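> Build me a model:
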Amino acid sequence: MNMLDYLAKKKGETMLLDEHPFANASSSFKTAYCFGLAVLVYGYKDQIPVTVECFSSILSNIHFDLKQQEILATQVKKNFEIKISNTFQKITTKNEQYCFIADLYRISFFGLISPTFSRDIIEGYCQVFNFSSEEKAFLTEFCELGYKTTEQLRNNSLSYYDTKLDKAIEAYKTFMMHGYSVSTTILQYIYPAFSISYDVEDFKLDDGSILRYESNLHIKGTFTISNCSTVVIDHAKVTLDGSINVNNGKIIIRNSHVIVNSCPEDYAIFVENSPIIKIEDSIIDCKQKAGFLFQNSGQLRLQATTISNTPNVYAISFYGNSAEIITSTFENCHHGALSNNATRELFIASTNFINCHNKHGGAIHSRSLVDVTVYNCTFQNCHADYIGAAVYFSTLNFGQSVLGCHFDNCTPTDSILFNQYDNKLIDTGLI
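Numbering: from 1, shown residues only. Got it, this is the predicted structure:
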């Protein structure tokens, strides 16, 4: 690749982002967010074409409705007070506010709009958001570093690129020392080359505090969470060379990618004496090294998450109170996806089980006597050595229902479900 091709590629990475961090937000949120940005674009007396073009690229990346885009200018002129109130009501979290200010900086930097007007608008928003001096200083410096690097690439110069990246990392570390954090997704939206990693080894969190990781995290040895402490892993990439032990604590994983590189235990995460475990919008690759989760207390909430490549233990072994698993996927689970021993109830809906195998119950093996509902799920290439190709209930019991599910190439074909109390199968060609 020659230099011109490289520059064109890097410019595309930094300028033409495929998706905005809030592209999947609700339409009402995006309407309020985009109106707030429009104040900078259409509130100035001269609507410079390049400014509108930069703004339009943000609207496109956030997937904002085209018809709504067409009326933004009119709304700024005629309905400002009503619409701006809605903006402040919708943009409430720190990550939302930081990203919003970063987009204002993006427009002011690439849109060539009046520096004085831009500064006044951004300062006004920062005051409404009650930003501290540390927050304002960080956003100003980080956006300038990120966007000036992009401008440098656009002008065919790579000078000081690494130096600027080092400065951006230092700026963020200083920001965190003041007790603040920003999701990695937003940091990389501002500065695509930005990356920061943490290595923890035989770490114990037992002081009752809440610890957040929103970047690359490498766990070595045993990571222990106890004494009412909480770990939140959000928008992070986690490499595990060890295990996570939660005892009278809490762990929340969302919007993250977890890779089990090595694990000395049967399960990557072991949970006991804990009220609830939440895992959302994440990808878990166990790489045939361990099962993912063993939980013997509390509740489990698993949503929009893929768990794959588990070896000779269940992907999840649940002995807690109740579990809810929805819109998720279990794939290549070589000793079954789920062992259910819940003491209250299990609810599974709109979940895919692909290439799951076990002696009894290729995907789900339930030993519990409580209510179990498996609804609108898909079982593909699931196999049992004996009976229950997809689902196996140890005992026939009222309240065990498999409803509206689809089965494709599951064997043995004469025993796809075993001991279910009620079933209404669709698209199987079997019943």
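> Contact partners for the closest residue in space to Ile416 that isn't next to it in sequence?
With Cβ to Cβ, 6 or more residues apart in numbering as the measure, Ala389 is the residue that lies nearest to Ile416, at 4.6 Å, once sequence neighbours are left out. Glycine gets a C-beta too; all of them are placed from N, C-alpha and C. For Ala389, the set of contacting residues under the criterion of Cβ atoms under 8 Å, 6 or more residues apart in numbering consists of 362, 379, 382-383, 407, 410-413, 415-417.
> need the contact list for Leu369.
When the contact criterion is Cβ under 8 Å, 6+ apart, the partners of Leu369 are 395, 397.
> go with 6 Å
By Cβ atoms under 6 Å, 6 or more residues apart in numbering, the contact list for Leu369 reads Asn397.
> Would you verify that it is located in a strand?
No: secondary structure assignment (DSSP: H, G, I helix; E, B strand; the rest coil) places Leu369 in coil, not in a strand.
> Tell me the spacing between it and Ile316.
With distances defined as Cβ to Cβ, to the nearest Å, the gap from Leu369 to Ile316 amounts to 19 Å.
> in a strand, that's where the residue nearest to Ile416 is, yeah?
No: note on Ala389: no strand contains this position according to three-state DSSP, which reports coil.
> can you give me phi and psi for it?
Comment: the main-chain dihedrals of Ala389 come out as phi -50, psi -40, following degrees, to the nearest 10.
> Next secondary structure element downstream of whichever helix or strand Gln188 is part of?
Gln188 belongs to helix 184-190 when elements are defined using DSSP states H and E. Beyond helix 184-190 on the C-terminal side, the first helix or strand identified by DSSP H and E is strand 197-201.
> in that following strand, what's buried?
Val200 (16 or more other Cβ atoms under 10 Å).
> That strand: partners in the sheet, and parallel or antiparallel?
For strand 197-201, the paired strands and their directions (DSSP bridges) read strand 216-226 (parallel).
> Restrict the partner strand to CA atoms and write it as CSV.
The C-alpha atoms that make up strand 216-226 are tabulated as CSV, following Å, rounded to 0.1, in the frame of the first residue of the first chain:
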residue,chain,number,x,y,z
ASN,A,216,-9.3,-3.2,27.1
LEU,A,217,-8.9,-5.4,30.1
HIS,A,218,-6.6,-8.3,30.6
ILE,A,219,-7.3,-10.4,33.7
LYS,A,220,-4.6,-12.8,35.0
GLY,A,221,-5.1,-15.2,37.9
THR,A,222,-8.1,-14.8,40.1
PHE,A,223,-10.3,-11.6,40.0
THR,A,224,-12.3,-11.6,43.2
ILE,A,225,-15.4,-9.4,43.8
SER,A,226,-16.7,-9.6,47.4
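> Centre-most residue in the protein?
When the chain is reduced to its mean C-alpha position, the nearest residue by Cα atoms, centre = their mean turns out to be Asn255, at 1.1 Å.
> and the residue lying closest to Ala102 once chain neighbours are set aside, what is it in contact with?
When the adjacent residues along the chain are set aside, Ala102 lies closest to Ile190, with 4.9 Å between them (Cβ to Cβ, 6+ apart). By Cβ under 6 Å, 6+ apart, the contact set of Ile190 is 102, 143, 146.
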